[in-house]
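S.K.: Predicted coordinates and the sequence they were generated for:
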Amino acid sequence: MKKIVLSLTAACAMFAATDAQVVDFYSQMLGEGVKVSVTGRKPAAGGIEAITVNLSNGEVSQDEVIFAKDDLLFPDIIDLKEHKSYLQDIKNEITMKNISKAYKNEKKENIITLGSDSKKPTIVMFSDPECPYCRAELDRIEATLKESNVNVILTPVHDVSSLQKSFLIYKDAASAKTDSDKIQILRKYYASDYTVADGAVSEENVKTMDELRKKYAAAGVRSVPYIVNLSDLQK
């Protein structure tokens with residue numbers, strides 16, 4: 001009996017920060033209009049628990065991580081011996097899981113495939129036609145294709161013109177027959193001096209592209225180029 005009582009006491013101490021307490025903590029900081037819910041808990045280190053919290057305002061949803069032990073909350077745990085941040089590791093796990101879920105349900109027309117060599121690995125590249133670093137990736141795409149196949153998804157972080165260019169890329173790429181044709185299309189719209197003609201892309205087309213980028217932004221793709229291995233998304 002003594003052992004059972006001691007075990008229960010230890011368990012209560014470890015999980016002293018209840019879901020309700022965590023929700024109340026975030027709600028007080030964020031105010032009305034944001035729905036807060038605890039979506040996961042797991043042991044981290046030294047008796048500290050990692051708690052995943054989902055924040056949603058009805059349009060945008062994102063996951064945050066906080067650490068708890070007894071009545072204390074911590075923004076992160078830094079392991080000096082291993083030189084790692086528990087927060088970053090867990091956020092990376094969450095991001096990969098969320099991107100995987102979105103990617104597995106993605107429409108084929110939103111994935112521009114380059115390369116089809118089954119002996120090579122495949123990378124998924126989230127990109128923006130107005131991003132200078134994405135242009136640099138495109139400049140060396142032939143070299144990249146020697147090592148791996150590439151699946152491109154356009155998730156612009158820039159303004160409306162980048163969404164317009166993304167729509168035009170998908171539109172033209174839909175009828176492209178070869179990798180060379182697709183690369184030529186990408187380079188046409190990625191060119192720094194390319195300007196979208198007035199009326200070439202409707203507001204509805206822009207909205208469609210905006211929904212695509214918001215979906216992956218919510219999953220964790222908030223900067224580009226963002227590159228992951230396809231094998232990691234298929235786990």
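M.R.: Arrived safely, thanks for sending.
S.K.: list the buried ones in the longest strand anywhere in the chain?
M.R.: Determined from DSSP state E, the single longest strand within the chain is strand 35-45. Going by neighbour count (16 or more other Cβ atoms under 10 Å), the buried part of strand 35-45 is 36, 38, 44. The way it works is simple: take the backbone N, C-alpha and C, and place the C-beta from them, glycine included.
S.K.: mind giving me JSON lines with the residues you listed and columns for distance to residue 220 and pLDDT?
M.R.: Output for those, formatted as JSON lines (distance: Cβ to Cβ, whole Å; pLDDT from 0 to 100):
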{"residue": "36", "distance to residue 220": "19", "pLDDT": "96"}
{"residue": "38", "distance to residue 220": "19", "pLDDT": "96"}
{"residue": "44", "distance to residue 220": "20", "pLDDT": "94"}
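S.K.: can you put those residues in CSV and add distance to residue 183?
M.R.: CSV is the format used below for those (distance: Cβ to Cβ, whole Å):
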residue, distance to residue 183
36, 45
38, 46
44, 45
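S.K.: Specify which member of these is nearest to residue 216.
M.R.: Distance to residue 216 across the buried residues of strand 35-45 (Cβ to Cβ) is lowest for residue 36, with 22.8 Å.
S.K.: quick one, domains of this protein?
M.R.: What automatic domain parsing lists as the domains of the chain is 2-95, 110-233.
S.K.: of all those, which lies closest to residue 104?
M.R.: Across the domains of the chain, closest to residue 104 is domain 110-233 (Cβ to Cβ), at 7.2 Å.
S.K.: what's the span of the closest one from first residue to last?
M.R.: With Cα to Cα, to the nearest Å as the measure, the first residue of domain 110-233 is 16 Å from its last.
S.K.: Could you report the neighbour count for the closest residue to residue 100 other than its chain neighbours?
M.R.: Nearest non-adjacent residue to residue 100, counting by Cβ to Cβ, 6 or more residues apart in numbering: residue 233, 4.3 Å away. Using other Cβ atoms under 10 Å, residue 233 has 18 other residues around it.
S.K.: For the top helix by length along the chain, what is the distance to the chain centroid?
M.R.: If you go by DSSP state H, the chain has its longest helix at helix 86-104. Averaging C-alpha positions (Cα atoms, centre = their mean, to the nearest Å) puts helix 86-104 7 Å from its chain's average.
S.K.: Could I get the buried residue list for that helix?
M.R.: For helix 86-104, a neighbour-count test (16+ other Cβ under 10 Å) marks 86-87, 89-91, 94-96, 98-100, 102-103 as buried.
S.K.: which helices and strands does the very next helix or strand once past it pack with?
M.R.: Using DSSP states H and E, the helix or strand that follows helix 86-104 in sequence is strand 112-114. Using 3 or more Cβ pairs under 8 Å, 6 or more residues apart in numbering; DSSP states H and E, the elements in contact with strand 112-114 are strand 149-154, helix 160-173, helix 179-190.
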